[in-house]
Each structure stands twice: as C-alpha cells, then as structure tokens.
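K.L.:
coordinates only, sequence not included:
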C-alpha cells in the first residue's frame, strides 16, 4: 500500500521533471549553437566601436556627469514614489470613509506633511537650483 502510494505521487511529478529536462536541454542547445556560430563569424574592430551620427568617435567614451545630475535623479525618484503611494490611497479612500475617516485622512495628511518638509529642505539647500 505504501509503495503504491509513493509511485502514485511520483507520477504526478513526471511532467515537471520532463519540463525541467526539456528546459535544460533547450538552454544548453542554445548556448552550444551560440558558441559554434560565434566562432564562425569574425567581426572587424570598426563594428564594435560606438556609432555617433556617422562620425568616428573622438575622445573618451565615458563622459563624467556632475553630482548634481544624480541628486536631481534621486529626488525625482523620491517624489515619483510619493505619487505611487497616492494611487492605492485614493482607491480605498471612499470605502474607508465609512469606517475610518479620520485615520485615512490623517495618515495622508501626515504623509504629505513629511514630504512638504522634505521638499522645503531641498529647496533651502538649493538642490534644484540649476545655476550652480
């Protein structure tokens, strides 16, 4: 009885095992085909250079960005995430008004107050001033 139940359970895993074997064989075959095809094709060095409007690139390929760029990018992400948090709040706002009106409104007011303080701070520090 125990042996029969064990085989019955193993039969349920047979499709999963077959799918795993097919996935391993397919990925191995693609890697092998890539290696074989890669040895046949020889590319000239000009094919691997950067393309800039038909002109041959002159100088370094990695230009330095100012720290200001990264600071503004991080601030954009911060305020973008704020918008992402506003959508679920707006969706459940009407449903929660009947049970927890002060809780949901107070939570959002405190959230917006913290963001306003952060925004005032970055304005005071001149993080969004492009003249510097």
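P.N.:
In hand now; what should we look at? What you are looking at is a predicted structure, and each value in this text was computed from that prediction instead of being measured.

K.L.:
Local confidence estimate at residue 57?
P.N.:
Looking at residue 57, its pLDDT reads 66.

K.L.:
gap between residue 45 and residue 103?
P.N.:
Distance, residue 45 to residue 103, by C-beta to C-beta, to the nearest Å: 65 Å. For the C-beta atoms, the positions are set from N, CA and C on the backbone; glycine is no exception.

K.L.:
Tell me which of those two has more neighbours.
P.N.:
residue 103 (10 against 6; other C-beta atoms under 10 Å).

K.L.:
Spell out the secondary structure type for that one.
P.N.:
helix (DSSP: H, G, I helix; E, B strand; the rest coil).

K.L.:
Over to residue 58?
P.N.:
coil.

K.L.:
what's the burial count for it?
P.N.:
When neighbours are defined as other C-beta under 10 Å, residue 58 has 6 of them.

K.L.:
residues near residue 78, how many?
P.N.:
There are 13 residues near residue 78, going by other C-beta under 10 Å.

K.L.:
try the one 5 residues further on
P.N.:
The burial count assigned to residue 83 is 8, neighbours taken as other C-beta under 10 Å.

K.L.:
Now the helix or strand encompassing it: average pLDDT?
P.N.:
Using DSSP states H and E, residue 83 falls within helix 67-125. Helix 67-125 shows a mean pLDDT of 84.

K.L.:
Perfect, I'm done here.
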